[in-house]
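Trainee: build me a model:
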Amino acid sequence: MTSPVVRVMPETGFREIVALLAEYDITGVPVVDDEGRPLGIVSEADLLLTLAAQEDQGSLIPPPGAVRPGPDGSVTAADLMSGPVVCITPSTSVVAAARLMGRHGVKRLPVLDEDGRVFAMVSRGDLLRVFLREDRVIRREIVEEVLGRVEGVSPALVGVEVDQGRVVLSGTVPEPHLVPIVLNLCRSVDGVVSVTDRLSADTFGGLGPEDDSPGGADGAGGGAGSGSAGSAGSGGGVEGPGSPGRGAGGRGADGRAGGARNGSARGNDAPAPVC
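Mentor: Below is the predicted model:
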């Protein structure tokens, strides 16, 4: 926002408004009452309407609806201003301000203090300037302020890359519902042009779905399925004494159990298995 703001009163004349716009290189001014509260906006477009309404005998284009001068022939801010005024507060986000401008077709927004008085202005140029923020500044804000305040999310597990305002997020978050929360918060950071989602939800807390089985994924705790005469297959296959073991090795969570059963199920003269 731009502060302090150039303001005019309802009785400010046409030429004085033009002079203020030229002096401060601005395109519009808020019209306020005696207490500084907004009444309307006078823009260059409003001033041009008055100019276009002047008599021109050589023009074939009919004049637009003209602002009627007062009894003394003067045109004041009260005659020119448009309203109602769309206003914001200092806490309004850049995204919300841009949406208000687009929705209402305005180019500037007065900023009000706690008492409802105009103390600054935000223009379209002001909003666009946030996209000049350096990538390193944007990245630091995302890492320190965005990721750090989402409960359960560890900034150390989320990769953040920023290039020309384009953010790429990778790594893991603990729960799937946190992904859209993180994305939306990153999009609201000033200067962010876009956010690419490469996040995944680590619902197993760092363990794969197989890691909690005693025998491992492939039954590492179980023995091989073949054995020599007089021994049983080490995966828990049981045959009579002295006969070759052909039991298949145990797999998955059952692997370790298969190896343990081997001790009591082996043939009479088979050696104890080494596990």
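Trainee: contacting residues for residue 31?
Mentor: 7-10, 12, 38-42, 77-78, 81 (C-beta atoms under 8 Å, 6 or more residues apart in numbering). All C-beta atoms are positioned from the backbone trio N, CA, C, and that covers glycine.
Trainee: buried ones from those residues, can you make that a PyMOL selection?
Mentor: Only the buried members of the contacts of residue 31 enter the following PyMOL selection, criterion being 16 or more other C-beta atoms under 10 Å:
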select buried, resi 7+8+10+12+38+39+40+41+42+77+78+81
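Trainee: could the contacts of residue 31 go into a markdown table alongside distance to residue 99 and pLDDT?
Mentor: Output for the contacts of residue 31, formatted as a markdown table (distance: C-beta to C-beta, whole Å; pLDDT from 0 to 100):
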| residue | distance to residue 99 | pLDDT |
| --- | --- | --- |
| 7 | 25 | 94 |
| 8 | 27 | 96 |
| 9 | 31 | 97 |
| 10 | 30 | 95 |
| 12 | 31 | 95 |
| 38 | 20 | 95 |
| 39 | 24 | 96 |
| 40 | 22 | 95 |
| 41 | 18 | 95 |
| 42 | 24 | 94 |
| 77 | 28 | 92 |
| 78 | 30 | 92 |
| 81 | 24 | 91 |
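Trainee: return the member of the contacts of residue 31 nearest to residue 185.
Mentor: Set against residue 185, the nearest of the contacts of residue 31 by C-beta to C-beta is residue 38 (31.6 Å).
Trainee: list the contacts for the closest residue to that closest one other than its chain neighbours?
Mentor: Spatial nearest neighbour of residue 38, chain neighbours left out: residue 85 (4.4 Å); criterion: C-beta to C-beta, 6 or more residues apart in numbering. Contact analysis of residue 85 by C-beta under 8 Å, 6+ apart lists 30, 38-41, 110.
Trainee: what does residue 113 give?
Mentor: Residue 113 makes contact with 90, 119, according to C-beta under 8 Å, 6+ apart.
Trainee: and it, how far is that from residue 93?
Mentor: 18 Å (C-beta to C-beta, to the nearest Å).
Trainee: where does the prediction get shaky in the stretch 151-275 of the chain?
Mentor: Scanning the stretch 151-275 of the chain for pLDDT under 70 picks out the ranges 203-275.
Trainee: how about a cut-off of 80?
Mentor: 202-275 (pLDDT under 80).
Trainee: hmm, back to that, Throw the contacts of residue 31 into a markdown table and include secondary structure, thanks.
Mentor: Converted to a markdown table, these look like this (DSSP: H, G, I helix; E, B strand; the rest coil):
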| residue | secondary structure |
| --- | --- |
| 7 | coil |
| 8 | strand |
| 9 | coil |
| 10 | coil |
| 12 | coil |
| 38 | strand |
| 39 | strand |
| 40 | strand |
| 41 | strand |
| 42 | strand |
| 77 | helix |
| 78 | helix |
| 81 | coil |
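Trainee: just the helices from the protein, written as ranges.
Mentor: Ranges of helices in the chain, per DSSP state H, are 14-24, 44-52, 77-80, 94-104, 124-129, 135-141, 178-187, 255-265.
Trainee: please identify the buried residues of the fifth one?
Mentor: The neighbour-count check on helix 124-129 (16+ other C-beta under 10 Å) flags 124, 126-127 as buried.
Trainee: nice, that's everything, thank you.
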